[in-house]
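# sequence first, then the predicted structure, then my questions.
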Amino acid sequence: MTKLTLYSMPSSGNSYKVRLLLSLLGRPYTHVGMEYETPALAKAHAEGTLPLSKLPVLELPDGTRLPESNAILCYLAEGTDWMPSDPIDRARMLGWMFWEQNQHEGVIAVRAAILSYASRAHLRTPERLADLLERGHGLLQQMENRLETNDWIATDGPTVADISLYGYTHSAGTKGGFDMGRFPAINRWLDRIAAMPGHVGLNAIPA
Ligand SMILES: N[C@@H](CCC(=O)N[C@@H](CS)C(=O)NCC(=O)O)C(=O)O
């Protein structure tokens with residue numbers, strides 16, 4: 001199989017999703033790391049090399065560059081067990097992936113980013129943090145409801161929707177300050193993913 005290049009931000013859950021799936025699939029790739037607010041990222045912006053101006057971007061051997069973490073997950077999953085062939089299962093999977101981007105990420109990842117990045121310290125107002133905390137617990141409860149009766153988020157088996165949601169949920173407690181003790185079914189699901197052969201953590205950045 002020909003080699004891929006991934007442009008990714010080491011600290012970002014969106015980039016981590018793709019690094020994780022590549023590792024679970026055992027696909028070799030070249031990693032180009034560009035951290036938030038670094039000259040490397042500024043250069044990429046200035047040169048216009050990132051379609052849609054965000055990371056991650058997957059570059060195919062023919063030079064094609066694919067943006068958007070969840071679109072990249074779907075591309076990589078094609079023809080594997082991570083992508084259901086049944087149209088209804090596939091729609092359920094995509095439903096959770098759209099939800100991840102339009103609901104979950106904007107609250108769970110945003111609270112973690114405000115608390116983690118020094119340049120966002122000015123956003124750490126008690127009102128903003130309390131609002132994100134309450135909304136985040138509501139979103140995590142929606143995942144908890146599904147996972148109380150199902151091992152996987154979208155279908156009977158793992159799909160890329162699980163990888164997509166794992167990206168920021170796995171660190172929702174440690175980085176975002178969410179009370180994960182309220183969500184035992186989510187914690188069991190996190191453990192199931194962490195136990196998969198090929199699993200790597202957020203900080204396992206390829207050389
Ligand atoms: N919807 C996009 C979001 C990507 C995104 O927001 N990437 C951030 C890091 S999490 C980024 O590239 N930030 C750098 C910048 O805006 O300069 C995806 O899922 O890939």
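Received, thanks.
# find me the pLDDT at residue 88, would you?
Per-residue pLDDT puts residue 88 at 98.
# what does the one 5 residues further on give?
We note a pLDDT of 98 for residue 93 in this prediction.
# wait, a strand at residue 202?
No. Assignment of residue 202 by DSSP: H, G, I helix; E, B strand; the rest coil gives coil, placing it outside any strand.
# can you give me the neighbour number for it?
For residue 202, the neighbour count with other C-beta atoms under 10 Å is 19. To be clear about C-beta, it is placed using only N, CA and C from the backbone, and glycine gets the same treatment.
# that one is in contact with residue 13, isn't it?
Yes. Residue 202 sits in contact with residue 13 when judged by C-beta atoms under 8 Å, with a separation of 7.3 Å.
# need the overlap of contacts for the two.
Residues touching both residue 202 and residue 13 by C-beta atoms under 8 Å, 6 or more residues apart in numbering: residue 171.
# assign a three-state SS to the spatially most central residue of the chain, would you?
The centre of the chain sits closest to residue 167, judged by C-alpha atoms, centre = their mean, with a distance of 3.1 Å. The local conformation at residue 167, judged by three-state DSSP, is helix.
# touching, it and residue 13? I think so.
Yes. Look at residue 167 against residue 13 with C-beta under 8 Å: they come within range, at 3.9 Å.
# ranges for the strands of the protein?
4-8, 29-33, 57-59, 65-67 (DSSP state E).
# so which of those strands gets nearest residue 194?
For the strands of the chain, distance to residue 194 was read as C-beta to C-beta. The smallest value, 19.9 Å, belongs to strand 4-8.
# which residues outside the closest one are in contact with it?
With C-beta under 8 Å, 6+ apart, strand 4-8 has contacts from 15-16, 18-19, 22, 27-34, 44, 49-50, 55-61.
# try it again at 6 Å.
Strand 4-8 is contacted from outside by 15, 18, 29-32, 55-59, using C-beta atoms under 6 Å, 6 or more residues apart in numbering.
# quick check: buried residues in stretch 151-166?
152-155, 158-166 (16 or more other C-beta atoms under 10 Å).
# any chance of those residues in TSV, with distance to the ligand and pLDDT too?
Converted to TSV, the buried residues of stretch 151-166 look like this (distance: C-beta to the nearest ligand atom, whole Å; pLDDT from 0 to 100):
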residue	distance to the ligand	pLDDT
152	21	98
153	17	98
154	17	98
155	21	98
158	19	98
159	17	98
160	12	98
161	13	99
162	16	99
163	12	98
164	9	98
165	12	99
166	14	98
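# make sure residue 58 is actually in contact with residue 72.
Yes. Residue 58 is in contact with residue 72 according to C-beta atoms under 6 Å; the separation is 4.7 Å.
# need the overlap of contacts for the two.
Listed as contacting both residue 58 and residue 72 by C-beta under 6 Å, 6+ apart are residue 66.
# would you mark the buried spots in the longest helix seen in the chain?
In terms of residue count, the longest helix belonging to the chain (DSSP state H) is helix 126-149. Across helix 126-149, burial judged by 16+ other C-beta under 10 Å covers 129, 132-133, 135-137, 139-140, 143-144, 147.
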